[in-house]
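Trainee: Pasted the sequence and its predicted model underneath.
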Protein chains: 2
Amino acid sequence: MPKAYEEIADDIRRSIRERLRKPGDRLPSEAALAEHYGRSVPTVQNALRLLSEEGLIDKQHGRGNFVRRPRTLAVRDNGRHQWEKNRARAPEAIRAETGATEHDTGLRLDDLVFYAKYREFEAPDELADAFGVPVGTTLLKRTYRTRYAAETAPFNLVTSYLVRDMIAANPDLLDETKEPWPGGTQHQLYTVGIEVDRVEERFTARPPTPEEAKALDLPAGTSVIVLRKTSYDIEGRVVDVSVVTLPGDRTELLFTTSLERW
Amino acid sequence: MPKAYEEIADDIRRSIRERLRKPGDRLPSEAALAEHYGRSVPTVQNALRLLSEEGLIDKQHGRGNFVRRPRTLAVRDNGRHQWEKNRARAPEAIRAETGATEHDTGLRLDDLVFYAKYREFEAPDELADAFGVPVGTTLLKRTYRTRYAAETAPFNLVTSYLVRDMIAANPDLLDETKEPWPGGTQHQLYTVGIEVDRVEERFTARPPTPEEAKALDLPAGTSVIVLRKTSYDIEGRVVDVSVVTLPGDRTELLFTTSLERW
DNA sequence: GAGTGGTCTAGACCACTGT
DNA sequence: CAGTGGTCTAGACCACTCC
């Protein structure tokens, strides 16, 4: 026997795919749908929940169920790393123009709201491993979030780790009130004589935890992309480890790989 | 007033995070949980559904609810492109050893099951744009899926597009029965004199469509990574466009970006 | 067949939105 | 206030798993 809520979901899904219902349209009320399909309200809700999890509709308490509009993407391009490196040694006037985030989004610094917090702590197992330092080494943990000034939701959550002793030569680097730092992390490292040679990025995708859904204001039926970034200096040392959480519905990542010529 | 199903979910979530319940453990039956929390069965089910969507538990009809184990990852490394290029001109004996998929997973060809289907069709708007050819140009559409011989679920779904006239000089390239092709797409292109110069990859993450969930055997509470790959030859022409759908719970993407020295 | 989760109902009551 | 979706109940019945 076919399941009632799936039949209802299939029917509505089809109507959306065929554009009989367009982005922004309000669906009939749940009571009306229940009447139409000859089912109880909870059964209709079950069907709508499915569609919401697939990201097809947006449930709005007290207002209605709406066909979801696709969101505008922020592109995160791996060219950003070379771009940031080129600017790391430039005079402040040039560095101040734009940062890597603005490079990604095409927005200017004024459009972005930035929030940073620094904390020192002792390296646990996993991070000590990643940096190749003894467990207990003092690390600096920096958490950031950035968002468009025009929107309420941040579009990334960043946790970055540095080895304290590696950067202590410049006390400003330990001071969160200096953020946002013109030129980004690569410039910060440059001020203590570190040159970044290569960047490794690892990605996975999964549903958001409730905390992430709240912090990024993610609707039901979206995913987060989790990026673990490791930066190596020219001596092969790990100089920065970052974990970046990106909203899957607003982010596109772009990687270009150039191949050697025959 | 706190919502009953969230309280129950919070309580169970906490017990999992604190490892009071370990991966593989079975939760008490829904009836038992309902009794324990003094709530109805549907309310408990509501809570369990939440946890299932977060990927914390695995619901198994007729068996029980289990704390989910993290899955083993297949790493997809952008070094694969240079690696594949290096082998494209090698003798068949060497090419036959392993392909790019085996490079990713560390498995040998024997462990993998491969399925390919070819179809010719006329370029619609979007693809004509991507290739820079007129709408209606004949394209070859190739769909693949690969899976571990030991598992039932494929770990990727691939659709690859080529311009027919660009490869027609080698009739074998139009024949799906020749798959899997030792050496991969870059070798196929080499047989008609095309050298790949760079590869662009764009990806986003989202919940699976019902079709994808079925094809990849995705449990509730997982995401898919959608990767659009564009290959350019040394003359700047687009020679291949591929769309790859990867299960978010089994895939890690690794990109390394090397920076120029100061 | 016993035990488990899955679906569904009919209706009560609550919470949010907009007039 | 009317209209909407959200939560919850108590219980019936179905479907799957395993012994």
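Mentor: Alright, I've got the coordinates.
Trainee: who touches the closest residue to residue A:33 other than its chain neighbours in this structure?
Mentor: Taking Cβ to Cβ, 6 or more residues apart in numbering or on different chains, and ignoring the residues beside it in sequence, residue A:33 has residue A:44 as its nearest neighbour in space, at 4.7 Å. Using the backbone N, CA and C atoms, a C-beta is placed for each residue, glycine as well. Shown in contact with residue A:44 (Cβ atoms under 8 Å, 6 or more residues apart in numbering or on different chains): A:5, A:8, A:30, A:33, A:34, A:37.
Trainee: Going through the residues you listed, which ones are buried?
Mentor: Buried members of the contacts of residue A:44, counted by 16 or more other Cβ atoms under 10 Å in any protein chain shown: A:5, A:8, A:30, A:33, A:34, A:37.
Trainee: Would you mind confirming that residue A:139 makes contact with residue A:120?
Mentor: Yes: with contact taken as Cβ atoms under 8 Å, residue A:139 and residue A:120 are classed as touching, separated by 7.1 Å.
Trainee: joint contacts of those two?
Mentor: Each of residue A:164 lies in contact with both residue A:139 and residue A:120 under the rule Cβ under 8 Å, 6+ apart.
Trainee: For the two, indicate the residue with more neighbours.
Mentor: When neighbours are counted by other Cβ atoms under 10 Å in any protein chain shown, residue A:139 and residue A:120 differ, and residue A:139 comes out ahead with 23 against 10.
Trainee: Just name the closest of the buried ones among the contacts of residue A:44 to DNA strand C, please.
Mentor: Out of the buried ones among the contacts of residue A:44, the one with the shortest distance to DNA strand C is residue A:5. That distance is 3.6 Å, counting by Cβ to the nearest atom of the strand.
Trainee: Let me know the pLDDT of the closest one.
Mentor: In this prediction, residue A:5 carries a pLDDT score of 92.
Trainee: swap in the one 3 residues further on?
Mentor: Listed pLDDT for residue A:8 reads 92.
Trainee: Residue A:178 too?
Mentor: Per-residue confidence (pLDDT) for residue A:178: 84.
Trainee: can you check the one 3 residues further on too?
Mentor: What the model reports as pLDDT for residue A:181 is 80.
Trainee: which residues does it contact?
Mentor: A:187, A:188.
Trainee: is it true that it lies in a strand?
Mentor: No: secondary structure of residue A:181 (DSSP: H, G, I helix; E, B strand; the rest coil): coil, not part of a strand.
Trainee: For it, give its distance to chain B.
Mentor: In this structure, residue A:181 lies at 19 Å from chain B, with Cβ to the nearest Cβ, to the nearest Å as the measure.
Trainee: And for residue A:120?
Mentor: Residue A:120 is 25 Å from chain B, where distance means Cβ to the nearest Cβ.
Trainee: tally of neighbours for residue A:93?
Mentor: As a burial measure, residue A:93 scores 8 neighbours (other Cβ under 10 Å).
Trainee: Now do the SS call for it.
Mentor: Classified using three-state DSSP, residue A:93 is helix.
Trainee: rewinding a little: keep only those of the contacts of residue A:44 that are in helices.
Mentor: The helices, defined by DSSP state H, take in A:5, A:8, A:30, A:33, A:34, A:37 from the contacts of residue A:44.
Trainee: which one of the contacts of residue A:44 is nearest chain B?
Mentor: Taking Cβ to the nearest Cβ as the measure, chain B sits nearest to residue A:5 out of these, at 12.8 Å.
Trainee: on that earlier part again, now distance to residue B:187 too, for the contacts of residue A:44, in CSV please.
Mentor: Below are the contacts of residue A:44 laid out as CSV (distance: Cβ to Cβ, whole Å):
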residue, distance to residue B:187
A:5, 49
A:8, 49
A:30, 56
A:33, 54
A:34, 58
A:37, 54
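Trainee: And the furthest pair within those?
Mentor: The two members of the contacts of residue A:44 with the most space between them (Cβ to Cβ) are A:5 and A:30, at 12.2 Å.
Trainee: domains for chain A, by residue range?
Mentor: With automatic domain parsing as the criterion, the domains of chain A are listed as A:4-67, A:74-254.
Trainee: ranking these by mean pLDDT, which is last?
Mentor: Within the domains of chain A, confidence is poorest for domain A:74-254, with a mean of 85 (mean pLDDT).
Trainee: Do me a favour and get the end-to-end distance for it?
Mentor: Across its full length, domain A:74-254 reaches 10 Å end to end, with Cα to Cα, to the nearest Å as the criterion.
Trainee: ok, it near DNA strand C or not?
Mentor: No: using Cβ under 7 Å from any atom of the strand as the criterion, no contacts between domain A:74-254 and DNA strand C are found, and the smallest distance is 13.6 Å.
Trainee: Phi and psi next, for the residue nearest to residue A:33.
Mentor: With angles defined as degrees, to the nearest 10, residue A:44 sits at phi -60, psi -40.
Trainee: how about the residues of the stretch 151-262 of chain A near chain B?
Mentor: By Cβ under 8 Å from any Cβ of the partner chain, the part of the stretch 151-262 of chain A that sits against chain B consists of A:195-207, A:209-210, A:221-225, A:234, A:248-249, A:251-262.
Trainee: Show me how to select, in PyMOL, the buried members of the residues you listed.
Mentor: To isolate the buried ones among these in PyMOL, judged by 16+ other Cβ under 10 Å, type:
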select buried, chain A and resi 195+196+197+199+201+202+203+204+205+206+207+209+221+222+223+224+225+248+249+251+252+253+254+255+256+257+259
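Trainee: I'd like the buried ones among the contacts of residue A:44 written out as TSV, with distance to DNA strand D added.
Mentor: Putting the buried ones among the contacts of residue A:44 into TSV (distance: Cβ to the nearest atom of the strand, whole Å) gives the following:
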residue	distance to DNA strand D
A:5	13
A:8	13
A:30	4
A:33	8
A:34	9
A:37	14
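Trainee: which SS class is the residue of chain A found nearest DNA strand C?
Mentor: Among residues of chain A, the one nearest DNA strand C by Cβ to the nearest atom of the strand turns out to be residue A:62. It sits 2.4 Å away. Secondary structure of residue A:62, reduced to three states by three-state DSSP: coil.
Trainee: Report how many residues lie close to it.
Mentor: Counted with other Cβ under 10 Å, the neighbours of residue A:62 add up to 4.
Trainee: Then the one 4 residues further on?
Mentor: Burial of residue A:66, expressed as a neighbour count using other Cβ under 10 Å, amounts to 16.
Trainee: Across the sheet, point out what pairs with it.
Mentor: Taking DSSP bridges as the rule, residue A:66 bridges to residue A:26, residue A:58.
Trainee: For the stretch 1-150 of chain A, which segments count as strands?
Mentor: In the stretch 1-150 of chain A, the segments counted as strands under DSSP state E, counting those that start in this stretch are A:57-60, A:64-67, A:74-77, A:112-122, A:138-148.
Trainee: Please work out which residues outside the first one touch it.
Mentor: Here strand A:57-60 makes contact (Cβ under 8 Å, 6+ apart) with A:12, A:16, A:27, A:48-49, A:51-52, A:65-68, A:219-220.
Trainee: at 10 Å instead, please
Mentor: The list of residues contacting strand A:57-60 from outside it, by Cβ atoms under 10 Å, 6 or more residues apart in numbering or on different chains, reads A:12-13, A:16, A:21, A:23-27, A:30, A:45, A:48-52, A:64-69, A:219-221.
Trainee: Which of these are buried, as a PyMOL select command?
Mentor: Restricted to the buried members of the contacts of strand A:57-60, where burial is judged by 16+ other Cβ under 10 Å, the PyMOL selection command reads as follows:
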select buried, chain A and resi 12+13+16+21+27+30+45+48+49+50+51+52+65+66+67+68+219+220+221
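Trainee: Identify the residues contacting residue A:195.
Mentor: If you count contacts by Cβ under 10 Å, 6+ apart, residue A:195 has them with A:85, A:88, A:89, A:186, A:189, A:233, A:234, A:235, A:239, B:259, B:261, B:262.
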